[in-house]
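Q: Sharing a sequence plus its predicted fold:
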Amino acid sequence: MKSRLALRFAALGYLALLLGIPVVLVFIHAFQDGIASAWDAVTTPEAQHAFYLTMVMVVVAVPLNTVFGVLCALAVVRQRFRGRALLNAMVDLPFAVSPVVVGLALLLVYGRRDGWAGEWLAERGIQVIFSTPGMILATMFVSLPFVVREVIPVLREIGTEQEQAAATLGAGAFQTFFRVTLPAIRWGVAYGVVLTTARALGEFGAVSVVSGKLSGRTETATLFVENRFQRFDETGAYAASVVLALLALATLLAMNLIKPKEARG
Amino acid sequence: MSIVVEAVSKRFGEFVALEAVSLEVRDGSLTALLGPSGGGKSTLLRVIAGLEQPDAGRVMIAGEDATSKPPQRRNVGFVFQHYAAFKHMTVRKNVAFGLTIRKRPKDETDARVDELLKLVHLDGFADRYPSQLSGGQRQRMALARALAVQPRVLLLDEPFGALDATVRKELRAWLRRLHDEVHVTTVFVTHDQEEAMEVAEQIVVLNHGLVEQVGSPRDLYERPANEFVMRFIGPVTPLGERWLRPHDVDILLEPAMGATEAMIDRVTHLGFEVRVELSLGDGDATWVQTTRGRAEELELQEGQIVWLRPAGDPALAPEAA
């Protein structure tokens, strides 16, 4: 009895110290001057543009990484080819490399003056660095592994028999994928999407390097928080943080709502 | 012929799963592929279905060369050991799958599914999910799903292997009756000789990727082609240099030509059957199966000296002598 209580206390205490107290303090600070000033802080044109830009990151990066993630997981689990192990390891690269390094790497590739492909792109009028495309690339890079990592174990677990059964019943590769495989892995995909979304919402380091931080132009919500904080606008910084936290929370809730009862954990 | 397999070979790396296997399956027959695990029987079934590509040889289904056809164009029904139920679909959607893929009209599909669910005794379960069915029910659903598209051949891979003994016995008898009703050419894989003997009209014994013998259950039991088949297909007992069926040994109370002296170690009464365990002169143990009447007639008891002789026309493996 005692040891069970101790276990619970340790788990909850750890969470409270590491997550609970800091988050609660963020909420308190956001509203220290009242709800009205918090509202005003997150509805300025700069703030609105920052949230809009963050949503653009999510709306582009999440679907692309979801499609890539499912295809990549299928290749790793269902096929045998040279370089399969390498592909599997490469997917984890964004976990291993610091986002700041990712940002710098993108500068090396797309930088206008001395980037590997920068000049070529600039001649064609495409600006990647200090502009939305570069920020989207950075967001995609850091949020790439989640769907792959969630889907691979589910694909392994369901095995190939259902797919083979579909084939003997006359289903072609596409029909088998959309009618059998995808429904079977849908909760893995959904969880991957939630994690990808959360990561895309919160990305700071890589985007910070490639954005140029032009307020109202290349400033995402996280960059806006930093900007406000450095200008001693505590309310602005914390209120924007609260909005970010609520967006992430909404994503989690959305997944739990669409999930059937037996799959809820 | 419904299925003709010609000199099919298949390797997995170093492992030889099938070595130039040839086989013919008559229209409307019920055939068992029988053998120990790793003998190649499942691989052969999967080659017929197109789920495995043979390294050499040909597969003909209903007179057409199917060797290079993908499984979806072979029109075979396949039933897996672990059901391979589509877990996110109801029983009705599972059974209708092949018809949905073929874009049959909805009312035709519904009627066909209802008919099949009745056939497999699952009417009333149409709106359940596979997770709400027992193992036996799931396998019957899988069978209905395979039959829905009216396949030219029905292939079952250890269909009862994952079920408990009672359900397995029931389903065996039921499959036999179903085949009498539906008459689709059926091939099933099993490692259980009793199952093969009970259900099949023709048995193909596979071992180490080779066909050891093809024949009716009775043929195989009474005229095994070799010692492997003899030992795999039923009980055997050693007598001198040879193996015999334990009921093909006569127990004599007096010495006789060709009879071997033995001492009774134990007499076990199993109802109608009586099992007699004996030691031969050289110390080897053997056992003989006899009837209750015969055992009483001879007044068999422990410690008694008797003489053993092969009965009139015993089942014998030609290589064993």
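A: Structure's in. What do you need?
Q: and A:V148, that's in a helix?
A: Yes - residue state for A:V148 (DSSP: H, G, I helix; E, B strand; the rest coil) corresponds to a helix.
Q: pLDDT at residue 6, what is it?
A: Looking at chain A here, since you left the chain open. On pLDDT, A:A6 comes in at 91.
Q: my bad, the chain I had in mind was chain B
A: Per-residue pLDDT puts B:E6 at 96.
Q: Just confirm it contacts B:S22, I think it does.
A: Yes - when contacts are counted by CB atoms under 8 Å, B:E6 is listed as touching B:S22 (5.5 Å). Using the backbone N, CA and C atoms, a C-beta is placed for each residue, glycine as well.
Q: Identify the residues contacting residue 113.
A: Because you didn't say which chain, this covers chain A. Applying CB atoms under 8 Å, 6 or more residues apart in numbering or on different chains, we find A:R113 in contact with A:E119.
Q: try chain B instead
A: Neighbours of B:V113 in contact, by CB under 8 Å, 6+ apart: B:R92, B:V95, B:A96, B:L99, B:A126, B:A144, B:A148.
Q: Look at B:E6 and B:S22 and report which has more neighbours.
A: Taking other CB atoms under 10 Å in any protein chain shown, B:E6 and B:S22 do not tie; B:E6 has more neighbours (17 against 13).
Q: Name the nearest residue to that one, sequence neighbours excluded.
A: B:R58 (4.4 Å; CB to CB, 6 or more residues apart in numbering or on different chains).
Q: wait, what's in contact with the one you found?
A: Contacts of B:R58 (CB under 8 Å, 6+ apart): B:V4, B:V5, B:E6, B:A7, B:V8, B:D65, B:T67.
Q: mind checking the SS state of the second one?
A: Recorded secondary structure, B:V5: strand (three-state DSSP).
Q: wait, what's in contact with residue 119?
A: No chain was given, so I picked chain A. Neighbours of A:E119 in contact, by CB under 8 Å, 6+ apart: A:R112, A:R113.
Q: my bad, the chain I had in mind was chain B
A: B:A144, B:L147, B:L178, B:E181, B:V182.
Q: Name the member of those residues with the most neighbours.
A: Going by other CB under 10 Å, B:A144 tops those with 25 neighbours.
Q: Tell me which helix or strand that one sits in.
A: Per DSSP states H and E: B:A144 is located in helix B:135-147.
Q: how far out from the middle of the chain is that helix?
A: Distance, stretch centre to chain centre, for helix B:135-147: 19 Å (CA atoms, centre = their mean, to the nearest Å).
Q: cool, and stretch A:79-88?
A: 25 Å.
Q: Put the alpha carbons of it into PDB.
A: In PDB, the C-alpha atoms belonging to stretch A:79-88 read as follows (Å, rounded to 0.1, in the frame of the first residue of the first chain):
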ATOM      1  CA  GLN A  79      10.000  -4.000 -48.600                       C
ATOM      2  CA  ARG A  80      13.500  -5.500 -48.800                       C
ATOM      3  CA  PHE A  81      16.000  -3.300 -50.600                       C
ATOM      4  CA  ARG A  82      19.600  -2.000 -50.300                       C
ATOM      5  CA  GLY A  83      19.700   1.000 -48.100                       C
ATOM      6  CA  ARG A  84      16.600   0.100 -46.100                       C
ATOM      7  CA  ALA A  85      18.500   0.300 -42.800                       C
ATOM      8  CA  LEU A  86      20.100   3.600 -43.900                       C
ATOM      9  CA  LEU A  87      16.700   5.000 -44.700                       C
ATOM     10  CA  ASN A  88      15.400   3.900 -41.300                       C
END
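Q: pLDDT of it, averaged?
A: The average of the pLDDT scores along stretch A:79-88 is 90.
Q: got the residue ranges for the helices in the stretch 101-250 of chain A?
A: In the stretch 101-250 of chain A, helices defined by DSSP state H, counting those that start in this stretch lie at A:118-123, A:132-142, A:145-158, A:161-168, A:173-176, A:182-202, A:205-211, A:221-230, A:234-258, listed in chain order.
Q: Can you add mean pLDDT and distance to B:P36 and give those helices back as JSON lines?
A: JSON lines is the format used below for those (pLDDT from 0 to 100; distance: least, CB to CB, whole Å):
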{"stretch": "helix A:118-123", "mean pLDDT": "86", "distance to B:P36": "65"}
{"stretch": "helix A:132-142", "mean pLDDT": "94", "distance to B:P36": "53"}
{"stretch": "helix A:145-158", "mean pLDDT": "95", "distance to B:P36": "29"}
{"stretch": "helix A:161-168", "mean pLDDT": "96", "distance to B:P36": "23"}
{"stretch": "helix A:173-176", "mean pLDDT": "95", "distance to B:P36": "33"}
{"stretch": "helix A:182-202", "mean pLDDT": "93", "distance to B:P36": "33"}
{"stretch": "helix A:205-211", "mean pLDDT": "93", "distance to B:P36": "58"}
{"stretch": "helix A:221-230", "mean pLDDT": "94", "distance to B:P36": "63"}
{"stretch": "helix A:234-258", "mean pLDDT": "89", "distance to B:P36": "48"}
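Q: Switch the ones you listed over to TSV; also include distance to B:S216.
A: What follows is these, written out as TSV (distance: least, CB to CB, whole Å):
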stretch	distance to B:S216
helix A:118-123	76
helix A:132-142	65
helix A:145-158	40
helix A:161-168	29
helix A:173-176	39
helix A:182-202	42
helix A:205-211	73
helix A:221-230	77
helix A:234-258	57
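Q: ok, which residues in the stretch 101-250 of chain B are in contact with chain A?
A: Where the stretch 101-250 of chain B comes near chain A, counting by CB under 8 Å from any CB of the partner chain, the residues are B:I101, B:R102, B:A142, B:R145, B:A146, B:A148, B:V149.
Q: quick one: the fourth one from A:A41, how far?
A: B:R145 sits 60 Å away from A:A41 when distances are taken as CB to CB, to the nearest Å.
Q: Comparing the two, which residue is more hemmed in?
A: Counted by other CB under 10 Å, B:R145 and A:A41 do not tie: B:R145 has more neighbours, with 31 against 21.
Q: which residue sits closest to the more buried one, ignoring its sequence neighbours?
A: Spatially, and ignoring its direct neighbours in sequence, B:R145 is nearest to B:V95 (4.9 Å; CB to CB, 6+ apart).
Q: quick one: pLDDT of the one you found?
A: On pLDDT, B:V95 comes in at 97.
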